[in-house]
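In: Predicted model and sequence follow; I will ask about them next.
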Amino acid sequence: MSQNYSITGVPTWLTPSSTSGTATTGGTPVSFTVNSNANALSPGIYTATIVFNDTTSSTTALTIGAVLVVDDAAVLQVTPATNMASVGNPGGPFSPASFQYQLSTNSGVIGYSITGLPSWLSASSASGTLTTSPTTITFTVNSNANSLPIGGYNATVSFANTTNGQGDQTRNAALTVNSGGSAPLASQTWVSGAGSDSNDCTLVAPCSTFAGALSKTAAGGEINCMDGSNFGVVTIAKSISILCVAGTAGVQVAACNGITVNAGVNDKIVLQGIDIEGQGSGVHGVNIIGSGSVVIRRSSIHGFTGNGINLVGTSGTKLLLQDSVISRNAGGVNVQGAGGAANTAVIDRTTFETHTSFAVQSAQGGAAYLSASSLIGTGQKLAITGGGTVTSYGNNVIRGASAAPTSTLPRQ
């Protein structure tokens, strides 16, 4: 026995192996394939009702639903948004010598490629695959730069999503070869949202990032902010002061540290008037991994998945934190000893608000001293582990769950 059939209601994005014919008792297979029309569809959910008709008896034999879900395209993400700018004399060295970017996608897996590299710049990887977990790509000023004559060299480095082209972007790379060291690094430089890292970082020709200005500022000098802007992540390895009016200078980061301090034992670093924003994915706001002393004054640090300030220096590092606001991080200030070094933090007139892990932690021989500060909002306030100590001068507000200070002393 056999019956004639037809299939109707098939959407444009689906192709059946047959739309009509004769069905027998032995079974007549019909397959449906998602076709190339689906590739042009916008993100969304597409539905259809497919009808199997018995044309012999003019009846409907069966209806089935077809659903196609088109997800958002995976987009290439590159952070930070800052450009690369390095400066040196003929023959080198050039500073900064390297730059790091974090590459990822908002969903799924994509391929990437990096092109447009000038001969004097190398990348740790020029292609590969990316997931939602960031991949670090390091760009290094290579030995070819040493043979370049005096002048300025610029290139546009392209980051491409080789899977679907979504999120393609570029970064500028600038190399300045100075005139053989006849002009020393400046003792004072400036940054501005309208500046350029190819400038000399003077008051009339400011740079656009802290990293660009740092490369043109002498050890012990200072960088001043002319206006409000995002001046980018920076790694500090010498004595320097970055001085801004509170609320004007910003460092916005994603999936990396904001300001890294990796200085020597005799170096002194001052950070003043800087708003450091982790945007919910930054690691640490200020990551102190070297030695010396660091002063952070009239600044705000918030939105980091790690610590607002992570003091893990290797040789008795000292931190003075004054008149600042640390809020909405996993941890506020982590004071942690390392290699037998009792790193120390003095915290004065500072507000800590809402941290998921702790407001102030002293661990592994670290020592924290609190004066005239407020620890409020949700989350643990004081955490003391591994021989760490917290000394309170009795004039602090500690509201909520907290370990007791190791000692409480009167102000003198």
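Out: In hand now; what should we look at?

In: got any ranges where the protein has weak pLDDT?
Out: By pLDDT under 70, the weakly predicted segments of the chain are 1, 179-184, 246-248, 340, 412.

In: For F32, see how far away Y46 is.
Out: 14 Å (Cβ to Cβ, to the nearest Å). Glycine gets a C-beta too; all of them are placed from N, C-alpha and C.

In: Ok, T115 next?
Out: Here the distance between T115 and F32 works out to 41 Å (Cβ to Cβ).

In: the helices in the protein, which residues?
Out: For the chain, the helices defined by DSSP state H cover 210-214.

In: how's it carved up into domains?
Out: Using automatic domain parsing, the domain ranges for the chain come out as 2-70, 73-183, 232-412.

In: okay, those domains, which one's buried deepest?
Out: Of those, the one with the most neighbours on average (mean count of other Cβ atoms under 10 Å) is domain 232-412, at a mean of 21.

In: end-to-end on stretch 350-360?
Out: End-to-end distance for stretch 350-360: 11 Å, by Cα to Cα, to the nearest Å.

In: same check, this time on stretch 215-231
Out: Taking Cα to Cα as the measure, stretch 215-231 stretches 14 Å from start to finish.

In: repeat for stretch 16-25
Out: Distance across stretch 16-25, first residue to last, is 21 Å (Cα to Cα).

In: what's the answer for stretch 206-225, then?
Out: Stretch 206-225 end-to-end distance (Cα to Cα) = 9 Å.

In: Distance from that stretch to the middle of the chain?
Out: Distance of stretch 206-225 from the chain centroid (Cα atoms, centre = their mean, to the nearest Å) equals 21 Å.

In: what do you get for stretch 296-316?
Out: Distance of stretch 296-316 from the chain centroid (Cα atoms, centre = their mean) equals 15 Å.

In: Extract the C-alpha trace of it and format it as PDB.
Out: The C-alpha coordinates for stretch 296-316 follow below in PDB (Å, rounded to 0.1, in the frame of the first residue of the first chain):
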ATOM      1  CA  ILE A 296      48.600  57.100  47.400                       C
ATOM      2  CA  ARG A 297      46.700  60.300  48.300                       C
ATOM      3  CA  ARG A 298      43.300  61.700  47.400                       C
ATOM      4  CA  SER A 299      42.500  58.800  45.000                       C
ATOM      5  CA  SER A 300      39.700  56.400  44.500                       C
ATOM      6  CA  ILE A 301      40.000  52.700  43.500                       C
ATOM      7  CA  HIS A 302      37.000  50.600  42.700                       C
ATOM      8  CA  GLY A 303      35.600  47.800  40.600                       C
ATOM      9  CA  PHE A 304      38.400  45.200  40.800                       C
ATOM     10  CA  THR A 305      38.100  41.400  41.000                       C
ATOM     11  CA  GLY A 306      41.200  41.300  43.100                       C
ATOM     12  CA  ASN A 307      42.400  44.000  45.600                       C
ATOM     13  CA  GLY A 308      42.100  47.700  45.300                       C
ATOM     14  CA  ILE A 309      45.700  47.900  46.600                       C
ATOM     15  CA  ASN A 310      47.800  44.700  46.600                       C
ATOM     16  CA  LEU A 311      51.000  45.200  48.600                       C
ATOM     17  CA  VAL A 312      53.100  42.100  48.100                       C
ATOM     18  CA  GLY A 313      56.600  43.700  47.700                       C
ATOM     19  CA  THR A 314      59.700  41.700  48.300                       C
ATOM     20  CA  SER A 315      61.900  43.900  50.500                       C
ATOM     21  CA  GLY A 316      60.100  45.700  53.300                       C
END
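
In: Can you tell me how far I288 is from T136?
Out: Applying Cβ to Cβ, the value for I288 to T136 is 20 Å.

In: repeat for Q380
Out: 31 Å.

In: got it, and N144?
Out: Using Cβ to Cβ, we find N144 at a distance of 23 Å from T136.

In: now swap in S300 and tell me
Out: S300 sits 27 Å away from T136, taking Cβ to Cβ as the criterion.

In: Double-check S281 against A254; I have them as touching.
Out: Yes - between S281 and A254 there is a contact at 4.8 Å, judged by Cβ atoms under 8 Å.

In: shared neighbours of the two, which are they?
Out: Residues touching both S281 and A254 (Cβ atoms under 8 Å, 6 or more residues apart in numbering): none.

In: residues in contact with the residue lying closest to G195 once chain neighbours are set aside?
Out: Among residues not flanking G195 along the chain, P206 sits closest, at 3.7 Å (Cβ to Cβ, 6 or more residues apart in numbering). Residues counted as contacts of P206 (Cβ under 8 Å, 6+ apart) are 189-192, 194-195, 199, 213, 226.

In: Surely C207 is in contact with A186?
Out: No - counting by Cβ under 8 Å, C207 stays clear of A186, with 10.7 Å between them.

In: That'll do, ta.
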